[in-house]
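Chemist: quick check, what structure comes out for this input:
(chains A, B and C)
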Amino acid sequence: MVEPSNSPCLVVNGLVTGYDGRNVLTGISLSVDPGELVTVVGPNGHGKSTLLRAISGLLPVRKGSISLNGRVISGQPAHRVAANGVIHVPQGDLLFAGMSVLENLLMGAYLDSDQAAVARRLEEVFTLLPKLAERQTQIAASLSGGERRMVGIGRGLMMNGSVMLIDEPSLGLAPIIIEQIYEVIARLKASGRTILLVEENPARVADIADRIHLLDNGAFVWSGEPAVLLQRDELLATYLGG
Amino acid sequence: MKREDLAHPLVGLVVLAAAIALPFYVDSRYVIGQVTLGLFYAIVASQWNLLFGFSGVFSLAQMALFGFGGYATAMLCFYFGLNIWAAMPLAAVATVLFSLVIGAACLRLSGAYTALLTLAVAQVMYLLIVTDTDCFVMVGTQCRQLTGGAVGFARFGDLGTRAMFKAKFLVANYALVVALFAITMVFTWAIIRGPIGLAFRALRDNPGCAMARGISRFQMQLLVFGLSAFFTGLAGGLYAAHFNAIGPGVLSFSQLFFIIAMVVVGGIGRLWGPLVGAIVLVAADEAMREIGEFRSLGLGIIIAAVMVLMPNGLIGLFESIWNRLRTRNPGMTAEMSGETPA
Amino acid sequence: MEIIGPVLVSGITTGALYALATLGLSLVWGSLGMLNMAHGTLLTLGGYAAFTAASQLGLPVPLAVLAATAVGGVIGALIFVLVAYPLSRRSPETFETTIMIATFGVALTLENAVLRLYGGQPLGQPLSVGGAINLGGFALPWQNLIIVVSAIALMGATALFLTRTKAGRAIRATAQNPDAAKLMGVPVARVYLQVLILSGMLAGVCGVLVSSITQLSPSLGADPMLKAFIMCVVAGLGNLPGAIITSFGLAIVEALVQFLAGARWGFPALLAIVILVLIRRPGGLFGRVEVRRL
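Modeler: Have a look, this model is predicted:
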């Protein structure tokens, strides 16, 4: 799969979606180039998770389109979107609570029937997240919050996809664990992965993000480079409460 | 008062007028008898609808309570020689007590658990009655079980209508059932519109807030369970009195689901759903008499198909057709939005 | 102490049958949040399918059992495609209750179809073996032994399938977290279909086993289903290992009560135990209260 480096991997165009009678996103457009880490920052309840759920097909798209590597994926059910190459590491991890760590990881490779490739990726995941190798046989429900997050990310890495959506990896974790998780994400980016990340706090992603979109009330209010955003105190104060 | 508040009483008056008019136009004893039976079903179904459609209790003990009322009436007359008019209200009160015991054991649980437990209670009651073979008293040379066993009780008392109205006694019984039906519907309407109905709406729309304000789902459900048991038990008593017989057949699985089917076909959570369902299903049952042996089979298909194809029942179907007509003619009254139940 | 032998034989045999009936029921509940009221009818259909294959078509025993399995699987699939799937799409929020009513309609239809086709009189299931082993003081009928061994083998096979195969893992994953399963690329609707087919197949064989020690009648599956409900409730709906342990335990209690107090008190005793258990633990012996579907 050779992609010309200048054509974007994931393109979202004029996306409108929501729950019941209410639209949560009112026209979102963004693109992620191969190898890029794009971040959507915004306060809670303004549609960050909704955006990722719409991309991965968990939530139906009402208007607009989503395409991956030039192919339209909006309108497809979630399992087809996953087969097309969208990896979604969801908010709150959504682990298979009654299964062991290893089984959770193997579920990530559900679509892959190449045993050798699965074994190789499992080795890679264990190298990146050595803690998971120690805890292979432990039941997911009995893990700590940080370990669960790692299983969630590891499970995503077991999938064979072209873009990785990561939903608020810092949620509910202690600062020291958050640091560890972001170290992992930085290494993923360094290895050339294409990532769309959602985060509440722009300071956490400033070092690793190529671009930041500021989401407020279902629409982007600002887009640009992280260094610029951190200097714009008025933006931070208005939209993120300082 | 808005117009939609008047809709239910108006429908009620029309139904009552039709019910009163019926014996003046129909002479057939058979038809009067079947309509009477249909009204019994409608009463029981309306109480199940109150439980399931409005209060969220999925109880499968509805016919068990009906049977309890009938059996209690029969046994009070049979063993204690009570007048049937005294026995019926006593039996209804006993049904309430019985329902509170069942409810206390079963209603703390949710959804499917409640259904399974109440079903088990009903089945145990049925099995204990039909397998009862121990002699309790001797009637002449005949042995009689405490619960009446597989045959049940018969000729334990009389409403007195036979002596008073002679050949017209069926119409008199019919009038009694119509009266009970009317009282039951007024009661149901009052519950739905009153504070209890409000509490359930609060629990449905915002359970957290409702519970914080001290509304306990369990207590409210138990309350409605007990209240509806009164009318279900009373209907059971009147049923036993009308036929002057009661047997374990009323506790059977198929009777229970005939009742549930009525609510489903008419429209779950619609005040008049059970009546519509009772009319349609008793009529369908009559029509299917022609194909005799396939009645139950047809009933099964009707339940499954209605559930899948029109989950809001016939009344829900009328509502959506009505709404579609209305949106096509925007000039029509907008406040006639009777689609929300009660 | 001479009742211990017969109580254990009877209790373990019915326990094995309850466990098998419960397994299918619990599997479907755990995955789809669906209480299949037609589960008992699947048992009945399995019993009659084997009867037809063996006595009417003269097929050998393994084929007759296969026929029962196939009929159970096909009807299970139809229940999903025609009833459960459209219902879950149309009104997911009321699915838990509406599916019970709808599958009861299915049960009523199928049971009456059996009644029309075969008549209401009880029929003998040809697939039963006579004779008994004498175990010093009491007899262990071959048929009971066959039932217990087959049931345990089937449960073992199901457990292996669920834990050791990719398809089984996908079933468990879907039951535990359908959204996450979708994100892994699992076609959830197809997994549900597989679960209903598997449950139907288990029910079909279970029906053959039940009818081999009783008789075939259109209401054959009603009693095992009611007992399976009880086991599921005591164990906590959807808990497979718990349901199996409960099935054996309660079946032995039931057999004991039946020996001591008479056959009619077995079921009431079970019900009393259930209610006592649920007052102490509303989520069942092994269940957690917060386990809810989707």
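
Chemist: state the number of residues packed around the closest residue to residue B:60 other than its chain neighbours.
Modeler: Spatially, and ignoring its direct neighbours in sequence, residue B:60 is nearest to residue B:119 (3.9 Å; Cβ to Cβ, 6 or more residues apart in numbering or on different chains). All C-beta atoms are positioned from the backbone trio N, CA, C, and that covers glycine. Residues lying near residue B:119 (other Cβ atoms under 10 Å in any protein chain shown) number 23.

Chemist: I'd guessed residue B:119 sits against residue B:58; true?
Modeler: No. Using Cβ atoms under 8 Å, residue B:119 is not in contact with residue B:58; the gap is 9.9 Å.

Chemist: about what we covered before: just give me how far the helix or strand the residue nearest to residue B:60 falls within sits from the chain centre.
Modeler: Assessed by DSSP states H and E, residue B:119 sits inside helix B:111-130. Helix B:111-130 sits 17 Å away from the centroid of its parent chain (Cα atoms, centre = their mean, to the nearest Å).

Chemist: cool, and stretch B:216-229?
Modeler: Per Cα atoms, centre = their mean, the centroid offset for stretch B:216-229 relative to its chain is 16 Å.

Chemist: please see if it touches chain C.
Modeler: No. Contact between stretch B:216-229 and chain C, assessed by Cβ under 8 Å from any Cβ of the partner chain, is absent, since the two come no nearer than 10.8 Å.

Chemist: which other residues reach that stretch?
Modeler: Contact partners of stretch B:216-229, identified using Cβ atoms under 8 Å, 6 or more residues apart in numbering or on different chains, comprise B:47-48, B:50-51, B:54-57, B:59, B:65, B:95-96, B:98-100, B:102-104, B:107-108, B:187, B:191, B:196, B:199-200, B:203, B:207, B:211.

Chemist: generate a PyMOL selection restricted to the buried subset of those residues.
Modeler: Typed into PyMOL, the line below selects the buried ones among the contacts of stretch B:216-229, using 16 or more other Cβ atoms under 10 Å in any protein chain shown:
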select buried, chain B and resi 47+48+50+51+54+55+56+57+59+65+95+96+98+99+100+102+103+107+108+187+191+196+199+200+203
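
Chemist: now stretch B:285-304: buried residues?
Modeler: Taking 16+ other Cβ under 10 Å as the neighbour-count basis, stretch B:285-304 is seen to contain the buried residues B:285, B:288, B:295, B:296, B:297, B:298, B:299, B:300, B:301, B:302, B:303, B:304.

Chemist: name the helices or strands packed onto the helix or strand residue B:67 falls within?
Modeler: Residue B:67 is part of helix B:62-80, with elements assigned from DSSP H and E. Packing contacts for helix B:62-80, counted by 3 or more Cβ pairs under 8 Å, 6 or more residues apart in numbering or on different chains; DSSP states H and E, involve helix B:29-49, helix B:84-106, helix B:111-130, strand B:153-154, helix B:217-243, strand B:245-246, helix B:253-266.

Chemist: number of nearby residues for the closest residue to residue A:167 other than its chain neighbours?
Modeler: Excluding its sequence neighbours, the residue lying closest to residue A:167 (Cβ to Cβ, 6+ apart) is residue A:91, at 4.0 Å. The number of residues packed around residue A:91, counting by other Cβ under 10 Å, is 18.

Chemist: how about residue A:7, what does it touch?
Modeler: For residue A:7, the contacting residues are A:33, A:70, taking Cβ under 8 Å, 6+ apart as the criterion.

Chemist: pull out the buried positions in the longest helix seen in chain A.
Modeler: In terms of residue count, the longest helix belonging to chain A (DSSP state H) is helix A:175-190. Taking 16+ other Cβ under 10 Å as the basis for neighbour counts, the residues of helix A:175-190 that come out buried are A:177, A:178, A:181, A:182, A:184, A:185, A:188, A:189.

Chemist: now residue C:285: phi and psi?
Modeler: phi -60, psi -40 (degrees, to the nearest 10).

Chemist: and the gap between it and chain B?
Modeler: When Cβ to the nearest Cβ, to the nearest Å is applied, the distance between residue C:285 and chain B equals 13 Å.

Chemist: close enough to count as contact, that residue and residue C:277?
Modeler: Yes. At 6.0 Å, residue C:285 counts as touching residue C:277 under the criterion of Cβ under 8 Å.

Chemist: which stretches in chain A count as helices?
Modeler: Listed in chain order, the helices of chain A (DSSP H) span A:48-55, A:78-84, A:101-108, A:115-128, A:130-134, A:145-157, A:175-190, A:202-205, A:226-231, A:233-240.

Chemist: out of the ones you listed, flag the one nearest chain C.
Modeler: helix A:78-84 (3.7 Å; Cβ to the nearest Cβ).

Chemist: helices or strands up against the closest one?
Modeler: With contacts defined as 3+ Cβ pairs under 8 Å, 6+ apart, the packing partners of helix A:78-84 are helix C:178-183.

Chemist: so which other helices or strands are in contact with the helix it packs on?
Modeler: In terms of contacts (3+ Cβ pairs under 8 Å, 6+ apart), helix C:178-183 is packed against helix A:78-84, helix C:166-176, helix C:188-213.

Chemist: just those: most buried one?
Modeler: Among these, judged by mean count of other Cβ atoms under 10 Å in any protein chain shown, the one packed with the most neighbours on average is helix C:188-213 (a mean of 25).

Chemist: I'd like the next helix or strand past it.
Modeler: That would be, after helix C:188-213 and using DSSP H and E, helix C:222-235.

Chemist: counting by contacts, list what that next one packs against.
Modeler: Here helix C:222-235 is seen to pack against helix B:111-130, helix C:4-32, helix C:39-51, helix C:240-261, helix C:266-280 when contacts are counted using 3+ Cβ pairs under 8 Å, 6+ apart.

Chemist: by contact count, what packs against the worst-scoring helix or strand of chain A on mean pLDDT?
Modeler: With mean pLDDT, DSSP states H and E as the measure, the helix or strand of chain A carrying the lowest mean pLDDT is helix A:233-240 (a mean of 78). Counting contacts by 3+ Cβ pairs under 8 Å, 6+ apart, helix A:233-240 is packed against strand A:211-216, strand A:219-224, helix A:226-231.

Chemist: quick one: whatever helix or strand residue C:114 lives in to helix C:222-235, angle?
Modeler: In this structure, residue C:114 sits in helix C:95-118 according to DSSP H and E. Here the directions of helix C:95-118 and helix C:222-235 differ by 160 degrees (axes from the mean of the first three to the mean of the last three Cα atoms, to 10 degrees).
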